[in-house]
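Peer 1: here is my input; please provide its structure:
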Amino acid sequence: MHITKKELKFNLRTFILWCVIISLFVFLYASVTNIFLQQNSSALKFIEKLPKNLLKTFNIDMEILSKPEGLFGTESMVFMFILFGTFSILLSSKILASEFDEKTIEYILLKPLKRKKIFFEKTLAIFIYNILLFFAFFTFEVIFFKTFVEKFSVKVMFGFALYLLSIAIFFSSIAILLSIFIKKRKVVNSLSIAILFLFYFLDTVTKGVKNFAFLRKISMFYHLSTIQLVNQHTINYIALFFIILISFALILVSKKSFETQDILI
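Peer 2: Have a look, this model is predicted:
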């Protein structure tokens, strides 16, 4: 497990920085939630005057804002999905693609280790940090909501965290696959982040447009509806299962390619 330990150590500062950023976002939205829970608040009156199309684009639902998890589940989760996806992409490309960019892959391959083990240990480090970020996020949710909000559903908060974990795992698998085939960290980051925003906008921009309804269903964000989670207090485990299944399929393809391809520096 030497490679895994090395990657965990080298990326610890980056992980801590992302934890700080995410904690600040959770703190911000938790601290203002009570303002939106007050009837006839000026914040709600202002939002009611905004154009309906704008509200749909930013995932704003007036009815859901009256619930303790409503503001966080709509507005904050928009940023959280992007942050978790970006974190997983940058981490994955740093751990894998940077080895090719920095010409260190030859040194690793000279070690008496099978490629299968090298790939496994690097991928394991990525998954460990994704899971740690999941636990950090859920902890921040519970702490800040207990501080600022009187009543809220822990199940809903846990559902938010699970959705984010699935997004992190999925985009890690995308970045891992691109890292193995493209081998250029900047290109991997650019393409992976472009795919992240493509999937996000497939869900948000096409809302209410009947002719493009099928495009929304391609996006995993459509199936991980935070509004449905807040309203019904039900976690979409089926969507989570298929997202994880697709992610592991992409990782298996990456593993096979890494084991068999001729690596030229």
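Peer 1: contacts only, for the closest residue to I169 other than its chain neighbours.
Peer 2: Spatial nearest neighbour of I169, excluding adjacent residues (C-beta to C-beta, 6 or more residues apart in numbering): S247 at 4.9 Å. Every C-beta, even on glycine, is put in place using the N, C-alpha and C of the backbone. Applying C-beta atoms under 8 Å, 6 or more residues apart in numbering, we find S247 in contact with S166, I169, F170, S172, S173.
Peer 1: hmm, 10 Å instead?
Peer 2: S247 sits next to S166, I167, A168, I169, F170, F171, S172, S173, I174, I176, L177, M220 when contact means C-beta atoms under 10 Å, 6 or more residues apart in numbering.
Peer 1: try I118
Peer 2: I3, L96, E99, I105, I108, L109, K111, F258, E259.
Peer 1: neighbours of the nearest residue to the last one once chain neighbours are set aside, how many?
Peer 2: So that's E259. In space, and not counting its chain neighbours, E259 is closest to R115: 4.8 Å by C-beta to C-beta, 6+ apart. Look at R115: counted by other C-beta atoms under 10 Å, it has 15 neighbours.
Peer 1: in this structure R115 contacts S254, no?
Peer 2: No - contact criterion C-beta atoms under 10 Å: R115 and S254 do not qualify, at 11.5 Å.
Peer 1: relative to L124, how far out is the residue lying closest to T104 once chain neighbours are set aside?
Peer 2: Among residues not flanking T104 along the chain, S98 sits closest, at 7.9 Å (C-beta to C-beta, 6+ apart). Between S98 and L124 the distance is 17 Å, computed by C-beta to C-beta, to the nearest Å.
Peer 1: list the contacts for the residue nearest to E259?
Peer 2: Neighbour list for R115: I108, L109, K255, F258, E259, T260, Q261, I263 [criterion: C-beta under 10 Å, 6+ apart].
Peer 1: can you give me the pLDDT of the last one?
Peer 2: You'll see I263 listed with a pLDDT of 66.
Peer 1: check the third one too.
Peer 2: Taken from the predicted model, the pLDDT recorded for K255 is 94.
Peer 1: buried residues in the host helix or strand of S173, which are they?
Peer 2: Here S173 sits within helix 154-182, counting by DSSP states H and E. Residues 156-180, 182 are the ones in helix 154-182 that count as buried (16 or more other C-beta atoms under 10 Å).
Peer 1: contacting residues for K184?
Peer 2: S93, A97, S98, F100, D101, L178, S190, L191.
Peer 1: report the buried members of those.
Peer 2: Counted by 16+ other C-beta under 10 Å, these give S93, A97, S98, F100, D101, L178, L191 as buried.
Peer 1: now render those residues as a markdown table, adding distance to V26, pLDDT and secondary structure.
Peer 2: Converted to a markdown table, those look like this (distance: C-beta to C-beta, whole Å; pLDDT from 0 to 100; DSSP: H, G, I helix; E, B strand; the rest coil):
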| residue | distance to V26 | pLDDT | secondary structure |
| --- | --- | --- | --- |
| S93 | 26 | 94 | helix |
| A97 | 30 | 89 | helix |
| S98 | 30 | 89 | helix |
| F100 | 36 | 83 | helix |
| D101 | 34 | 82 | helix |
| L178 | 30 | 95 | helix |
| L191 | 29 | 96 | helix |
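Peer 1: which among those residues gets closest to F152?
Peer 2: Set against F152, the nearest of the buried ones among the contacts of K184 by C-beta to C-beta is S93 (35.8 Å).
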